[in-house]
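> Sequence first, predicted model second:
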Amino acid sequence: MVRLKDIADRAGVSVMTVSKVMRNAPDISAATKARVKTLALQMGYVPDSTAQSLRTRTSRFLGVVISSITNPSFARVLLAIEERAHELGFDIILAQTLNKEEREEACIQRLMARRVDGIFISPVYRLSPDAPIYQALQARKTPVVILGHAAPFCRQFASVESDDILGSYAITQHLLQLGHRNIAFFAGPHGAPWSQERFEGYRRALRESGLEVDDRLIFQAGNSIEDGAKAALQFMNEATSATAIQAVNDLVAIGCANTLLNQGIKIPQDLSVVGFGNILTSEYFRVPLTTIRQPKFRLGSAAMDSMMKLLQGERPEVKRLRAEIVVRSSTAAPAKVQLASPAQA
């Protein structure tokens, strides 16, 4: 293994000078830095990160805990976090919970054991107001940024989130403006704040239009493509009067729409369908999906800003970023409105 002393002997400088070069100290000339770094590279020198961690009391690692690496909602969030981390000299350790509380606890414990400098967490939401692993993070004073909405068990930490109430309100308004009055809602997990906010936006938009939520048009749909497909089958079996379906996220909307199309239902001629999130697939689905664009890259950047403040001993504010509607081919006026329109008269 190549040591600093080996480089110093080859370069004809002191070990202290080599050490300063490796730390990019300002009191070493640019010429000396270039010469020593070139020699170190040629000799195959690799810094001992463990030794550096012991000396500086930092690991230069940041943990990221998400539900699943296959969930497309996290792709651009992770991209932003990793890009900023790389620029600032941090490496990322990624873990996935698979939406299981016990696995989330194990992931966080392993990251704490690795002495990461901070952790980004997309929580496994539960109805309980307390969660021991989050209490342990608080007791250790680990810098934590919640990726998404804070729930009672993790509200003590900084968070970054999109304004899901306003986004859901906007997309319900879009359907109402097209002439839909019977809008089914495919709801997400009960304990997830993002699911609750999206339902609340739907409810507010209906109420402002003089409509009340019809329980017969609310279907429990989870958060996956498979969940959306199951909810669509239930929706068809119950033969509701709905002319549009508002899904809690794009995955549910895609699962729902795919099932409807396979059953011969035309979108949007027979039924309009909207999602939430604007994942890449939504634009290239069989019928491009009207949805809400979440500022995923900006959410990741904002999360990194919050983490840097925490590492500097500051307390960042909760960041709530605006989401916006993207209208595509999956929505249109209901058939009876279309027939009454001047263009078709």
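Now that the structure is in, tell me what you want to look at.

> contacts, neighbours, all on C-alpha from now
Fine.

> quick one: the strands in the stretch 201-345 of the chain?
218-220, 244-247, 272-274, 291-293, 319-321, 324-326 (DSSP state E, counting those that start in this stretch).

> Go through these and name the closest to Arg10.
strand 319-321 (51.6 Å; Cα to Cα).

> per-residue confidence for the residue nearest to Thr172 when sequence neighbours are not counted?
Closest residue to Thr172 in three dimensions, ignoring its sequence neighbours and counting by Cα to Cα, 6 or more residues apart in numbering: Tyr202, at 5.7 Å. pLDDT, Tyr202: 98.

> shouldn't Tyr202 be in contact with Gly167?
No: between Tyr202 and Gly167 there is no contact under Cα atoms under 8 Å: 9.2 Å.

> Just the pLDDT at the residue most central in space within the chain, thanks.
Centroid-nearest residue in the chain: Phe74, 4.3 Å away (criterion: Cα atoms, centre = their mean). Note on Phe74: pLDDT of 93.

> Below-threshold pLDDT in the stretch 101-250 of the chain: ranges please.
Counting by pLDDT under 70, the stretch 101-250 of the chain contains no low-confidence segment.

> for Ser128, helix, strand, or coil?
coil (DSSP: H, G, I helix; E, B strand; the rest coil).

> what are the ranges of the helices in the stretch 201-345 of the chain?
For the stretch 201-345 of the chain, the helices defined by DSSP state H, counting those that start in this stretch occupy 225-238, 250-262, 280-284, 296-311, 335-340.

> which of those helices is buried the deepest?
helix 250-262 (a mean of 24; mean count of other Cα atoms under 10 Å).

> Packing partners of that one?
helix 225-238, strand 272-274 (3 or more Cα pairs under 8 Å, 6 or more residues apart in numbering; DSSP states H and E).

> want to try CSV for the ones you listed, with distance to Glu208 as columns?
Formatted as CSV, the helices and strands packed on helix 250-262 follow (distance: least, Cα to Cα, whole Å):
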stretch, distance to Glu208
helix 225-238, 25
strand 272-274, 20
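
> How about Leu111: what's its closest non-neighbour residue?
Gly63 is the one closest to Leu111 (Cα to Cα, 6+ apart), at 6.3 Å.

> Name the residues linked to the one you found by a beta bridge.
With DSSP bridges as the criterion, Gly63 is bridged to Ile93, Ile119.

> OK, contacts around it?
92-95, 111, 116-120 (Cα atoms under 8 Å, 6 or more residues apart in numbering).

> Which two of the residues you listed have the greatest separation?
Applying Cα to Cα across these, the maximum distance is between Ala95 and Asp117, 15.3 Å.

> tally of neighbours for Met16?
Neighbour count of Met16, defined by other Cα atoms under 10 Å: 12.

> Give me the pLDDT value at it.
89.

> Can you tell me how far it is from Asn99?
From Met16 over to Asn99 the distance is 49 Å, taken as Cα to Cα, to the nearest Å.

> before we move on, the earlier item: show the backbone phi and psi for the residue nearest to the centre of the chain.
phi -90, psi -10 (degrees, to the nearest 10).

> Same question for Tyr134.
Per degrees, to the nearest 10, the backbone of Tyr134 is at phi -70, psi -30.

> In contact with it, which residues are there?
153-154.

> now do 10 Å
Tyr134 makes contact with 105, 108, 123, 140, 142, 144, 153-157, according to Cα atoms under 10 Å, 6 or more residues apart in numbering.

> follow-up on the earlier one: can you tell which of the strands of the stretch 201-345 of the chain is closest to Met308?
strand 319-321 (14.1 Å).

> hang on, Ser272 packs against Val327?
No: with contacts counted by Cα atoms under 10 Å, Ser272 stays clear of Val327, the gap being 11.6 Å.

> joint contacts of those two?
289-290.

> higher neighbour count, those two?
Ser272 (25 against 16).

> Let me know the distance separating the more buried one from Leu280.
Look at Ser272 and Leu280: by Cα to Cα, they are 20 Å apart.

> Using neighbour counts, pick out the buried residues of stretch 121-138.
121-126, 131, 133-134, 137 (16 or more other Cα atoms under 10 Å).

> quick check, distance from it to the centre of its chain.
17 Å (Cα atoms, centre = their mean, to the nearest Å).

> Between the two ends of that stretch, what distance do you get?
So stretch 121-138: terminal residues 13 Å apart, Cα to Cα.

> repeat for stretch 23-36
Termini of stretch 23-36 sit 12 Å apart (Cα to Cα).

> mind listing what Pro334 touches?
Pro334 neighbours (Cα under 10 Å, 6+ apart): 175, 178-182, 242-244, 268-272.
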